[in-house]
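Engineer: Here is my input, please return the structure:
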Amino acid sequence: MESNETEKLEASYDLLSSMSHQEAIGFIQAELTSLTKSDPFLQNVPTPITLEEVNSLTALEHGQAMTVNVYRADDQIMPVIVEQTATVLDLKHSIKRFVTLKLAREKHKGSVSWRYVWRTYWLFFDGQRLTDDRKKLKDYGINNRDTVTFIKRFREK
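Structural biologist: Just a heads-up that it's a prediction; the model follows:
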């Protein structure tokens, strides 16, 4: 590390140690926002960015993850990032994470009953319901940039 970088780090440490906890969090969030806005890879990511989002985007960039577009009945499409080896359950967790972050960023009050969502809707791809949570997405033929749809479950008699 160059001496100029070392001096900057020491100055930042001195500044942070003189702040309250809330001030330090605000300072770090502002710095992270500045870094993400200046980085061509991260500049389109909504702020505040989470470590999990950075890790997902990095895995996507290196081909270790894929984007699955989840189409909702209200015509919204959710681009969800999952690992290449993800299962249906992993996709469901990623959808939950995506929606939770989106609602938090919109400062939405309330919560989603995921038990209700998964009891009421199927995930559907290429004419087949994704019924087995342990089955890999690749086994259903789902690849990068494919679209999975929420469909209403009907009672089976």
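Engineer: Centroid-nearest residue for this structure?
Structural biologist: By C-alpha atoms, centre = their mean, the chain has its centre lying nearest to residue 98, at 4.7 Å.
Engineer: residue contacts, the closest residue to residue 90 other than its chain neighbours?
Structural biologist: Leaving aside its chain neighbours, residue 90 sits nearest to residue 82 (5.5 Å; criterion: C-beta to C-beta, 6 or more residues apart in numbering). No exception for glycine: its C-beta is placed from N, CA and C like everyone else's. For residue 82, the contacting residues are 65, 66, 68, 90, 91, 94, 137, by C-beta atoms under 8 Å, 6 or more residues apart in numbering.
Engineer: Can I get those in JSON lines including neighbour count?
Structural biologist: JSON lines is the format used below for the contacts of residue 82 (neighbours: other C-beta atoms under 10 Å):
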{"residue": "65", "neighbour count": "21"}
{"residue": "66", "neighbour count": "21"}
{"residue": "68", "neighbour count": "24"}
{"residue": "90", "neighbour count": "16"}
{"residue": "91", "neighbour count": "22"}
{"residue": "94", "neighbour count": "21"}
{"residue": "137", "neighbour count": "24"}
